[in-house]
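Participant: Take a look and give me a structure for this.
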Amino acid sequence: MKKLLTTVGAIAALTFAVAQGASAQAQTAITLVHGIPGTTVDVVVDGSVVVDDFAPGTTADLTTYAGQTLNNVEVLDSSDDSVVIGPITSLDIPDSGNWSIVAMLDSNGAARLASFENNTASVESGNARLTVRHTADFGPVDVVIAGQRPITNLSNGQSQELILPVGTVSGAQLAPTGGDPAVNIGDIGLGADTNTILYVVGSEDTSISFIQQVVSLPAPATTTTVAGGSTTTVAGGSTTTTTTIAGATTTTTTVAAVPQAVNTGSPIDDNGTSIALIAIVGGLVVAGGAFLARRRA
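Facilitator: Reported below is the predicted structural model:
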């Protein structure tokens, strides 16, 4: 991590989230995230280009492929058709859930695809979820916020979550595990009912930067009491009402969103998805890769 002191910090303030509403958890969303700096690529499936001129720091929506098996998947350098990742004989795309598939560097600097399931469970009112994912070519890191290290020893291909108050996390930093802070992450905005996902990308031999993705969450459960002792609890579109009658014991049932497993990053044939557009350090343009049906020469 000796070269981290010269790397890039600060997240670009350009993030687009796709609103999901009360049924967020039930929706399927699969997003391809380009987290390999410096290489614009084409994504090819069985000889056909499906994502053209896919630039670092951008995303492509793969939801249309949910439940399908993609054959002979390759990620090729757009400039000369050299192979960046693959070929992958077959790739099973999940038929449900919220996933991100990330083109990333492993701890040895090799490019690979990894899948992460995004947690879409609701959080308490006034809070937000922050997910940090290590998808860069360098050793384990700690996340430093206000002098504390709420995330420690995060290794390549791993993901950890925090529940924090809605607002702006200022002055966040990245440090080699147990070492001094070396990279300024910058301000991180946390909106209500969101999971903000921060990808650490790049290499200690070049530069470290960050991609931010925002996933909308269902509204948290709310409980109100009205005249006559009727208590109503609403969570993710499900409502349970229990009326209190004098002398009777009443239990109010809340139907809450079920947390989804937090994947620590797996090879691409374990599948992937997500729901939002992203922004990358350095002001790269955010754009979903266009789906094409042209044939590669």
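
Participant: Run through the bridge partners of residue 215.
Facilitator: On the basis of DSSP bridges, residue 215 is bridged to residue 18, residue 195.

Participant: Count the neighbours of it for me.
Facilitator: Using other CB atoms under 10 Å, residue 215 has 25 other residues around it. (Glycine included, C-beta is placed from N, CA and C.)

Participant: thought it was touching residue 193?
Facilitator: No: at 9.9 Å, residue 215 and residue 193 do not qualify as touching, with contact defined as CB atoms under 8 Å.

Participant: How many residues are close by the residue lying closest to residue 76 once chain neighbours are set aside?
Facilitator: Sequence neighbours aside, residue 42 is the residue nearest to residue 76 in space, at 5.0 Å (criterion: CB to CB, 6 or more residues apart in numbering). Neighbour count for residue 42, taken as other CB under 10 Å: 21.

Participant: Residue 42 in helix, strand or coil?
Facilitator: Following DSSP: H, G, I helix; E, B strand; the rest coil, residue 42 is assigned to strand.

Participant: Tell me if I'm right that it and residue 73 touch.
Facilitator: No: counting by CB under 8 Å, residue 42 does not reach residue 73; the two are 11.6 Å apart.

Participant: where in the protein is pLDDT low?
Facilitator: Low-confidence segments of the chain, defined by pLDDT under 70: 1-26, 222-297.

Participant: Please parse it into its domains.
Facilitator: Using automatic domain parsing, the domain ranges for the chain come out as 4-221+261-280, 223-255.

Participant: Need the winner for burial among those.
Facilitator: Across the domains of the chain, the average number of neighbours (mean count of other CB atoms under 10 Å) peaks for domain 4-221+261-280, which reaches a mean of 19.

Participant: returning to what we had before: who are the neighbours in contact with the residue nearest to residue 76?
Facilitator: Listed by CB atoms under 8 Å, 6 or more residues apart in numbering, the contact partners of residue 42 are 49, 51-54, 75-76, 78, 81, 296.

Participant: Which single one of those is nearest to residue 211?
Facilitator: residue 54 (13.4 Å; CB to CB).

Participant: Bridged to that closest one, which residues?
Facilitator: Assigned bridge partners for residue 54, using DSSP bridges, are residue 41.

Participant: list the contacts for it?
Facilitator: Contact analysis of residue 54 by CB under 8 Å, 6+ apart lists 32, 34, 40-43, 60, 78, 289.
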